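Visitor: From the sequence below, what's the structure:
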Amino acid sequence: VAFEVVAADGVLRTADACSEPDLFWALRGGGGGAFGVVTAAYHRTHASSAVAALSMSIDDITWATWESRTPVIESWLDFWVETSPTLGREWSGGY
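Guide: So this is what the prediction gives:
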């Protein structure tokens, strides 16, 4: 993780945790001000991992109270947690 920056004094510098640590800290958001123009940024990357998301809407049904929704929500979540690993792709997707 490092930055190449043309500092306010016009000098091209490489800032990382070991070289120019104060400038590195400032460029990462640790200071308030203009320290120069960043011409390159180097990042440490990580392998991608699977992400799961669930969206559920039960607003189309008229409910007497919030408490009357709770058993329905709990039942749906129990079903989904137990069943989703075995469902086919037709059960997944979305926007």
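Visitor: how about the strands in this structure?
Guide: Along the chain, the segments classed as strands by DSSP state E run 2-7, 12-15, 36-42.
Visitor: Next, give phi and psi for residue 9.
Guide: The phi/psi pair for residue 9 (degrees, to the nearest 10) reads phi -90, psi 0.
Visitor: neighbours of it, just the number please.
Guide: By other CB atoms under 10 Å, the residues close to residue 9 number 7. Every C-beta, even on glycine, is put in place using the N, C-alpha and C of the backbone.
Visitor: still on that earlier bit, got the strands of the chain as TSV, with mean neighbour count columns?
Guide: Shown next, in TSV, are the strands of the chain (neighbours: other CB atoms under 10 Å):
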stretch	mean neighbour count
strand 2-7	18
strand 12-15	16
strand 36-42	12
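Visitor: of all those strands, which lies closest to residue 68?
Guide: Evaluated with CB to CB, the strands of the chain place strand 36-42 nearest to residue 68, the distance being 52.2 Å.
Visitor: That closest one: how far from the chain's middle?
Guide: Put simply, strand 36-42 sits 23 Å off its chain's centre (CA atoms, centre = their mean, to the nearest Å).
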